[in-house]
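> Here is a sequence together with a model predicted from it:
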Amino acid sequence: MQTDTLILIVAAAAAVMAAILAGMTWSRTRDSAETFASLSTTISEKIDSEMKHTREQSQASIDVLDRRLSEMTGKVNDVERAMGDFRTSTIKELGDARAAQEKSYAAMQTGISGTLKGVQDSVSRQLIAIREDSSRSLEQIRATVDEKLQKTLNDRISESFKLVNDQLDSVSKGLGEMRGMAQSVGDLRKVLSNVKTRGIVGEVQLGAILEEVLAPEQYETNVATVPDSTNRVEFAVKIPGKDDEFVYLPIDAKFPGEAYGHLEDAKEAGDAAAIDVAWKELETRLKSEAKDIHEKYVAPPATTSFAVLFLPFEGLYAEVVNRTGLVEQIQREWHINIAGPSTMAALLNALQMGFQTVAIQKRADEIQKVLAAVKAELPKYRRELEKAQKQLNTASKTIDGLVGTRTRAMEKTLKGVTAVGSLDEADGLLGIEDQMDDGDE
């Protein structure tokens, strides 16, 4: 209420100031003094009236506010008394509840302590029993494991010693075999160091392959393939031609053992220069052998236009084939094909298939001639069959007459004759048995 009053006073003062300012403004004008005095009087009256009215309203508001303040003061006192009573009763109830809770908590704590003590005693007894049982079980397990481990260890040690002894025996035997093998290899080197012996080795192996694949009449040994020549090739396959003629396919075994041994030694040593030298030596030897075979054994049309140079070892053959351009050069310049043990067998099998094809062709000609003769004889054979068919039809009609008409007439005539009592007696009277015995004899 006091705030409203202050606001009204401030508003009145502002109005007075406005009026004064207005009067000052008007005083500056050229109006007369009377107009200003009249205006001042009017403004003063209005201000007094407003101040009075404002003072009356402020006094009324202050009275109203005093009454309300008195009422509110009474209500606040009542609330304070109620709050005091509520606080007193609440404090009392909380004290009673706290006492009851303390009493209940003490009893619960006593019960829990007793229960926990019992559980602790029971658990302690069980743990002691479990510990004793575990100790006994562990002791038994330890004893069993120690016993089994000792037994297993002894068995394993015995087996290991036995295995070691067996392996040592095997190693000793292997060393003995290796010594024997080394001695055999040394003997083989000594044997193969002889040129004639190496040639015999290749010739024997080539002969074994030819004997296994071809028939004896399909090849010859130590034959002069070139007419009026004293040079004889080790083997020559007979390639069939027309009218039971044939041409020879010369096959000669060569084994440049020294050059091949030098190449293998250089490879084992890893010496590139030595490898090149050994390769040049081996190439020169092979080219010389190919030229020799071509000049001595190849002479078409008595022979094929090419011959075969047989290398008796697969390792040597593989080295020659892997040498770039060597095989092609030998084929191109001297018409010589190089073959190893496996390729020689394949080549002979292919020739064998060719032989069979030629034989089939010859047989086909013979079969064609036989079929032509059969075709020429077929009309005559057909006429004879037709003649025989007519004779068979006449004989069939005669037999039908004998079986039918004649047999019925004979049965009718003999109808009143009494038959013999037994079939054996009838056979004896008619002599049928004697005739059957004569026929059997």
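Received, thanks.

> drop to CA atoms for contacts and neighbour counts, all remaining ones
Will do.

> distance of D244 from K291?
Remark: distance between D244 and K291 (Cα to Cα, to the nearest Å) = 31 Å.

> scratch that, K242 is what I was asking about
Relative to K291, and taking Cα to Cα, K242 is found at 30 Å.

> Out of the two, name the residue with the larger neighbour count.
K291 (16 against 8; other Cα atoms under 10 Å).

> which residues touch the more buried one?
Neighbour list for K291: W334 [criterion: Cα atoms under 8 Å, 6 or more residues apart in numbering].

> Got the phi and psi for it?
Per-residue torsions, K291: phi -60, psi -40 (degrees, to the nearest 10).

> how much space between it and I336?
In terms of Cα to Cα, K291 sits 8 Å off from I336.

> need the strands for the stretch 101-250 of the chain, in chain order.
219-223, 233-240, 246-253 (DSSP state E, counting those that start in this stretch).

> The shortest one pairs with which strands?
To tie it back to what came earlier, the one meant is strand 219-223. Strand 219-223 has the following sheet partners, assigned by DSSP bridges: strand 233-240 (antiparallel).

> what's the angle between the partner strand and strand 246-253?
Between strand 233-240 and strand 246-253, the angle comes out at 150 degrees (axes from the mean of the first three to the mean of the last three Cα atoms, to 10 degrees).

> Residues touching strand 233-240, excluding its own?
203, 207, 218-225, 246-253, 297, 355, 358.

> Buried subset of those, written for ChimeraX?
Filtering the contacts of strand 233-240 down to the buried ones (16 or more other Cα atoms under 10 Å) takes a single ChimeraX command:
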select :203,218,219,220,223,224,225,246,247,248,249,250,251,252,253,297,355,358
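
> Just checking, which helix or strand of the protein averages the lowest pLDDT?
helix 432-440 (a mean of 49; mean pLDDT, DSSP states H and E).

> for the stretch 301-441 of the chain, what spans make up the helices?
314-322, 326-334, 341-401, 407-413, 423-430, 432-440 (DSSP state H, counting those that start in this stretch).

> Turn these into TSV, columns for distance to A82.
Shown next, in TSV, are the helices of the stretch 301-441 of the chain (distance: least, Cα to Cα, whole Å):
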stretch	distance to A82
helix 314-322	123
helix 326-334	130
helix 341-401	127
helix 407-413	161
helix 423-430	159
helix 432-440	159
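
> low-scoring stretches of the stretch 301-441 of the chain, by residue?
358-365, 367, 400-406, 410-411, 414-423, 425-441 (pLDDT under 70).

> Next, the residue lying closest to L311 once chain neighbours are set aside: phi, psi?
Spatially, and ignoring its direct neighbours in sequence, L311 is nearest to G340 (5.1 Å; Cα to Cα, 6 or more residues apart in numbering). With angles defined as degrees, to the nearest 10, G340 sits at phi -100, psi -170.

> Name all residues that make contact with G340.
Listed by Cα under 8 Å, 6+ apart, the contact partners of G340 are F310, L311, P312, F313, E314, Y317.

> Need the buried ones from those residues selected in ChimeraX.
This is the ChimeraX syntax for the buried subset of the contacts of G340, where burial follows 16+ other Cα under 10 Å:
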select :310,311,312,317
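
> so what's S70 up against?
S70 makes contact with no residue under the criterion Cα under 8 Å, 6+ apart.

> Could you report the separation of A60 from K46?
Counting by Cα to Cα - A60 and K46 are separated by 21 Å.

> Just the mean pLDDT for the lengthiest helix in the chain, thanks.
Looking across the chain with DSSP state H, the single longest helix is helix 33-192. For helix 33-192, mean pLDDT is 75.

> what's the spacing between it and its chain's center?
53 Å (Cα atoms, centre = their mean, to the nearest Å).

> Likewise for stretch 228-243?
55 Å.

> still on that earlier bit, and which of the contacts of G340 is nearest to W279?
Nearest to W279 among these is Y317, at 13.3 Å by Cα to Cα.

> Surely the closest one and R323 touch.
No - if you go by Cα atoms under 8 Å, Y317 and R323 don't touch, sitting 10.0 Å apart.

> What residues of the helix or strand harbouring K280 count as buried?
According to DSSP states H and E, K280 maps onto helix 272-297. Of all the residues in helix 272-297, those buried under the rule 16+ other Cα under 10 Å are 274-275, 278-279, 281-283, 285-287, 289-291, 293-294, 296-297.

> Same question for stretch 251-263.
Applying 16+ other Cα under 10 Å to stretch 251-263 flags 251-263 as buried.
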